[in-house]
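Undergrad: Model the structure of this input:
(one chain, ligands or ions: 1)
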Amino acid sequence: AEASLRQAQKMEAVGQLTGGLAHDFNNLLAGISGSLELTQVRLAQGRFNDVDRYMAAAQGAARRAAALTHRLLAFSRRQTLDPKPTDVNRLVFGMEELIRRTIGPSIELETVGAAGLWPALVDGSQLENALLNLCINARDAMPDGGRITIETANKWLDRWTADHHTIPDGQYLSLCVTDTGTGMTPEVIARVFEPFFTTKPIGAGTGLGLSMIYGFAHQSGGQVRIYSEVGQGTTVCIYLPRHQGEGEVVEPLPAPAELPRA
Ligand code: ADP
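TA: Numbering: from 1, shown residues only. Next up is the predicted model:
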């Protein structure tokens, strides 16, 4: 959990860094947009005298924007995954205290670990990051308090069988975080995986949490699903590939009640 805390602090620093980059990037885009608009006006008037200057400005801004994205890519490439057979129940219980500290006393935390949960083949520390991120999003959606439920299951949670036909049977387990918060409109749901998409005030959100989780899940051979209703709350499920080592005996995992508590 100490490593997770350090990682969380690192994530916050990274969030500030990337948030700053996003801001700079937006400024450059605004510059490009403005130059193009001025050009359009001049062309419509049949006056070409300043068009050169505007185009040069747009080009310069585009070059700087490209340099910024290279910095971001250089950062993201350092996040190489190290997938290992992982007991996701244990991982959740190990994170409980850190999550409690992060969400504060006005939010209840419930963890429901499936008995006999399959091991996942996943990078555990990246999954810890993802889980913490989901809990921070859940907290931010409940300014007046509420409840966060963290739930694991083989395949999917029973209540969603109908929606989850696109997840192949027997190959995935799920880690879902549910909150009783504001929920999301369909318009927001459609955009949440876009990098830098945020509805939070400048400085509060980077808009990178869910896009990084999306990238991590897909790089791991898994998926992400969102269920949300305005005024009801949100569930985000990460689907992880089941570890099925050839010729390897996978010990059945104990029921959650037998797991050591953090
Ligand atoms: P950030 O949290 O920095 O805004 P994310 O990518 O994690 O970036 O989330 C993007 C947006 O998705 C948030 O700004 C918010 O509008 C919405 N969102 C994410 N999680 C939730 C949630 N649990 N409840 C309501 N809205 C959410």
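
Undergrad: can we go C-alpha only for contacts and neighbour counts from here?
TA: Fine.

Undergrad: so who does the most centrally placed residue in the chain touch?
TA: Nearest to the centroid of the C-alpha atoms of the chain, with distances taken as C-alpha atoms, centre = their mean, sits residue 210, at 2.4 Å. If you count contacts by C-alpha atoms under 8 Å, 6 or more residues apart in numbering, residue 210 has them with 133-134, 192-193, 195.

Undergrad: what's the closest of the residues you listed to the ligand?
TA: Here the nearest of these to the ligand, counting by C-alpha to the nearest ligand atom, is residue 192; it sits at 4.7 Å.

Undergrad: Now do the SS call for the closest residue to that closest one other than its chain neighbours.
TA: Taking C-alpha to C-alpha, 6 or more residues apart in numbering, and ignoring the residues beside it in sequence, residue 192 has residue 210 as its nearest neighbour in space, at 6.5 Å. Secondary structure, DSSP: H, G, I helix; E, B strand; the rest coil: residue 210 is helix.

Undergrad: circling back: and the two most separated of the contacts of residue 210?
TA: Greatest spacing in the contacts of residue 210, by C-alpha to C-alpha: 134 and 195 (15.5 Å).

Undergrad: Just want to know which of the two has more residues nearby.
TA: residue 134 (24 against 16; other C-alpha atoms under 10 Å).

Undergrad: Residue 184 against residue 234, yeah?
TA: Yes - assessed by C-alpha atoms under 8 Å, residue 184 is found in contact with residue 234 at 7.4 Å.

Undergrad: which neighbours do those two share?
TA: Shared contacts of residue 184 and residue 234, defined by C-alpha under 8 Å, 6+ apart, comprise residue 228.

Undergrad: Which one's more surrounded, the two?
TA: Legend: neighbour count by other C-alpha under 10 Å for residue 184 and residue 234, higher for residue 234 (23 against 20).

Undergrad: what's the closest residue to the ligand within the stretch 1-150 of the chain in contact with, if anything?
TA: Residue nearest to the ligand within the stretch 1-150 of the chain (C-alpha to the nearest ligand atom): residue 138, separated by 3.9 Å. Shown in contact with residue 138 (C-alpha under 8 Å, 6+ apart): 148, 177-179, 181, 234.

Undergrad: Inside strands: which ones of the residues you listed?
TA: Counting by DSSP state E, the contacts of residue 138 place 148, 177-179, 234 in strands.

Undergrad: residue ranges with poor pLDDT in this structure?
TA: 1-20, 71-79, 158-165, 246-262 (pLDDT under 70).

Undergrad: surely residue 111 meets residue 150?
TA: Yes - when contacts are counted by C-alpha under 8 Å, residue 111 is listed as touching residue 150 (4.7 Å).

Undergrad: Overlap in contacts, the two.
TA: residue 92.

Undergrad: between these two, which one's more packed in?
TA: residue 150 (25 against 16).
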